[in-house]
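*Asks:* No letters, just coordinates:
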């Protein structure tokens, strides 16, 4: 295995669980990587990892680091306030020189804004604290997918569809993969940082959002004309919400059934991505092939050609 440089930065919420981040750093080092910590990695200002200027500077340092991977400590909230001021040219230059930006959750804002502004690919994947810094052993699939990305070997991802979604006719769609956290994607609608993707493959996940809120955000994307322009919608995990007596049978499945009724594009579920231990790495902005037959589904991006150092 080749030793890679990982630059760790905090673009969103302040790190509250420093022990988890330190455990994550130790694990990445144990895997043979060199980990460089941004000077403001543990900075804090209200709920943020430093004020806006501090976090912008951290993003600038990550882009200038020359690292193989620029990885976030955690998500939370804070990137949408920075979108007008992000150093898009420097970020694009860093990506062209081989730096992969990796994260999820609030990082969705960064990823889609970079895609909208520069057309460059970033990666939806783990965060140091919640994924590498868990108290037990980190999830094996998450680690394997991250290592594939680090080594430049990941060419796709597969999963098993729920039994009710088994397909008699094989499905194959090609398009740009984009999306991430649903709340963030919905919050970008109508802004300059919403990617204008036609014929794309939109993937979505969320955490701590009740199904009615998920449906409301989906209606926003539907009425904004975003969903009808996609070739497929792929749903990851929607976790950590609490049913209430008022639901009377309204649940996540109700939302998925409603969505299938509203869009012509196929809606697939079960993508191993979201605020869950088992998460794959997905290239936001890359051209992919979505294939499904029976209960087997695949997202394939092949070997992404990039400039290397």
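*Replies:* Thanks, I have the structure now. Keep in mind the model is a prediction, meaning the values are calculated, not measured.
*Asks:* Please make it C-alpha for all contacts and neighbour counts, starting now.
*Replies:* Fine.
*Asks:* And residue 6, which helix or strand is it part of?
*Replies:* Here residue 6 sits within strand 5-9, counting by DSSP states H and E.
*Asks:* Please name the residues that touch residue 171.
*Replies:* Residue 171 makes contact with 290-293, according to C-alpha atoms under 8 Å, 6 or more residues apart in numbering.
*Asks:* partner residues bridging it?
*Replies:* In this entry, residue 171 is beta-bridged to residue 292, by DSSP bridges.
*Asks:* what bits of the stretch 1-150 of the chain have low per-residue confidence?
*Replies:* Where the stretch 1-150 of the chain drops to pLDDT under 70, the residues are 1.
*Asks:* Of the contacts of residue 171, which is the nearest to residue 174?
*Replies:* Of all the contacts of residue 171, residue 174 sits closest to residue 290, with 6.2 Å by C-alpha to C-alpha.
*Asks:* dump the residue contacts of the closest one.
*Replies:* Counting by C-alpha under 8 Å, 6+ apart, residue 290 touches 171-174, 201, 297-300.
*Asks:* Mind checking the pLDDT average for the helix or strand hosting it?
*Replies:* For residue 290, the element it lies in under DSSP H and E is strand 287-294. Averaging pLDDT along strand 287-294 gives 98.
*Asks:* my guess is residue 278 contacts residue 139, does it?
*Replies:* Yes - here residue 278 lies in contact with residue 139, judged by C-alpha atoms under 8 Å, at a distance of 5.9 Å.
*Asks:* For burial, what's the neighbour tally of residue 191?
*Replies:* Using other C-alpha atoms under 10 Å, residue 191 is surrounded by 9 other residues.
*Asks:* now it: how far from residue 79?
*Replies:* Going from residue 191 to residue 79 by C-alpha to C-alpha, to the nearest Å gives 14 Å.
*Asks:* And the helix or strand that the strand holding residue 6 is followed by, how far out from the chain middle?
*Replies:* Once strand 5-9 ends, the next helix or strand along the chain (criterion: DSSP H and E) is helix 18-30. In terms of C-alpha atoms, centre = their mean, to the nearest Å, the centre of helix 18-30 is set 21 Å apart from its chain centre.
*Asks:* Identify each buried residue in stretch 253-272, please.
*Replies:* Within stretch 253-272, the residues that count as buried by 16 or more other C-alpha atoms under 10 Å are 255-256, 259, 263, 265, 267-272.
*Asks:* what's the answer for stretch 20-37, then?
*Replies:* Quick answer for stretch 20-37 (16+ other C-alpha under 10 Å): 20-29, 33-37.
*Asks:* any chance you could map the helices in this protein?
*Replies:* 18-30, 52-64, 88-96, 107-118, 140-151, 182-188, 211-223, 252-262 (DSSP state H).
*Asks:* So for residue 229, which of those sits nearest?
*Replies:* Among these, helix 211-223 comes nearest to residue 229, with 9.6 Å by C-alpha to C-alpha.
*Asks:* And that closest one, what does it pack against?
*Replies:* Taking 3 or more C-alpha pairs under 8 Å, 6 or more residues apart in numbering; DSSP states H and E as contact, the helices and strands that helix 211-223 lies on are helix 182-188, helix 252-262.
*Asks:* Tabulate the ones you listed (TSV), appending distance to residue 66.
*Replies:* Output for these, formatted as TSV (distance: least, C-alpha to C-alpha, whole Å):
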stretch	distance to residue 66
helix 182-188	28
helix 252-262	42
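*Asks:* quick one on the thing from earlier: including distance to residue 133 and pLDDT, could the buried residues of stretch 253-272 go into JSON lines?
*Replies:* Shown next, in JSON lines, are the buried residues of stretch 253-272 (distance: C-alpha to C-alpha, whole Å; pLDDT from 0 to 100):
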{"residue": "255", "distance to residue 133": "33", "pLDDT": "98"}
{"residue": "256", "distance to residue 133": "33", "pLDDT": "98"}
{"residue": "259", "distance to residue 133": "36", "pLDDT": "98"}
{"residue": "263", "distance to residue 133": "39", "pLDDT": "98"}
{"residue": "265", "distance to residue 133": "38", "pLDDT": "98"}
{"residue": "267", "distance to residue 133": "33", "pLDDT": "98"}
{"residue": "268", "distance to residue 133": "30", "pLDDT": "98"}
{"residue": "269", "distance to residue 133": "28", "pLDDT": "98"}
{"residue": "270", "distance to residue 133": "25", "pLDDT": "98"}
{"residue": "271", "distance to residue 133": "23", "pLDDT": "98"}
{"residue": "272", "distance to residue 133": "19", "pLDDT": "98"}
